[in-house]
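this one's structure only:
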């Protein structure tokens, strides 16, 4: 008797479950109530690709100058602070560092940049249309004139350290914040070494850089003078170190001279 009752109960449960499934299949998903329809969509995850920082923050952004222009003290202002030509004195494409500000005036978008000047890089505004696309760099070169060293950092970590020669007391290497404008091999010679860099730094005195007045970073045929204060303002490294630097330091790298 008890077995018959148990079998009957199991059979009845199966019938009820089957009926419930049939109702769901016929009726389909339930329609949300007006209150449920008014609920906002779920917010996007903070882990969405566009919200995730991909690596360390760049040391700087730079852009090529695609049209001769003038940096001004303020957007569309009348006061010019520096000429910003399309070509460098060395004959390469000119670049500027981007400082991050942007303003639109009378339909023209202006951006704030760093460009070569005296005694330090100048800060000014140029039309965005005068510049090409932005490029990020993660490196920074720090030249310590007291210790006669140059240290290349990537993501704020030392990547290369070299002994250097800097300017004599009568023709000092200027201090300040600058940047690398070009990498050059056309000056390859015993005096300049196998490769050289042109920077935005300028000296009030004449330097030994072919472009005149600008500070270069280059090799030398006199490694016995490194470290020392012997140049006309340029920064000299051993040929071995300048070749290593050329593999690691891209154009646009900020340069700090202490």
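Arrived safely. Not measured: the values here are computed from a predicted model.

Any idea how far apart the tips of stretch 185-197 sit?
End-to-end distance for stretch 185-197: 9 Å, by Cα to Cα, to the nearest Å.

and that stretch, average pLDDT?
Stretch 185-197 shows a mean pLDDT of 79.

Would you map the strands across the stretch 1-150 of the chain?
60-64, 69-72, 80-84, 95-105, 108-115, 122-127, 135-137, 139-144, 149-154 (DSSP state E, counting those that start in this stretch).

so where's the stretch 1-150 of the chain shaky on pLDDT?
For the stretch 1-150 of the chain, applying pLDDT under 70 flags the ranges 1-55.

From residue 204, how far out is the nearest residue to residue 196 once chain neighbours are set aside?
Spatial nearest neighbour of residue 196, excluding adjacent residues (Cβ to Cβ, 6 or more residues apart in numbering): residue 218 at 3.6 Å. Quick note: C-beta positions are derived from backbone N, CA and C, even for glycine. Note on residue 218: its distance to residue 204, by Cβ to Cβ, to the nearest Å, is 20 Å.

neighbour-wise, which of these two wins?
Neighbour count, other Cβ atoms under 10 Å: between residue 218 and residue 204, residue 218 has more, with 25 against 11.

give me the beta-bridge partners of that one?
Bridge pairing for residue 218 (DSSP bridges) gives the partners residue 196, residue 236.

List the residues that contact residue 65.
Shown in contact with residue 65 (Cβ atoms under 8 Å, 6 or more residues apart in numbering): 84, 85, 86, 93, 94, 95, 96, 130, 131, 132.

are any of these buried, and which?
84, 94, 95, 96, 130, 131 (16 or more other Cβ atoms under 10 Å).

Would you reformat the residues you listed as TSV and include distance to residue 236?
Below are the buried ones among the contacts of residue 65 laid out as TSV (distance: Cβ to Cβ, whole Å):
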residue	distance to residue 236
84	29
94	24
95	24
96	26
130	34
131	32
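
re earlier: identify the farthest-apart pair in the contacts of residue 65.
Using Cβ to Cβ, the pair of these lying farthest apart is 85 and 132, separated by 14.3 Å.

In the stretch 151-258 of the chain, where is pLDDT below threshold?
Applying pLDDT under 70 to the stretch 151-258 of the chain flags the ranges 186-189, 205-212.

circling back: what's the closest of the strands of the stretch 1-150 of the chain to residue 171?
Closest to residue 171 of these is strand 139-144 (Cβ to Cβ; 15.6 Å).

in its sheet, what does the closest one sit against?
strand 149-154 (antiparallel), strand 254-257 (parallel).

Among these, which comes closest to residue 60?
With Cβ to Cβ as the criterion, residue 60 lies closest to strand 254-257 of those, at 5.0 Å.

Contacts made by the closest one with the rest, please.
Outside strand 254-257, the residues that touch it by Cβ under 8 Å, 6+ apart are 59-60, 97, 137, 140-143, 145, 173-180, 199-201.

let's go with 7 Å and repeat that
59-60, 97, 140-143, 145, 173-180, 199, 201 (Cβ atoms under 7 Å, 6 or more residues apart in numbering).

and it, how far out from the chain's middle?
For strand 254-257, the distance from its own C-alpha centre to the chain's C-alpha centre is 14 Å (Cα atoms, centre = their mean, to the nearest Å).

now stretch 74-93
20 Å.

in that stretch, what's buried?
75, 81, 82, 84, 88, 89, 90, 92.

And for stretch 174-182?
For stretch 174-182, a neighbour-count test (16+ other Cβ under 10 Å) marks 174, 178, 179, 180, 181, 182 as buried.
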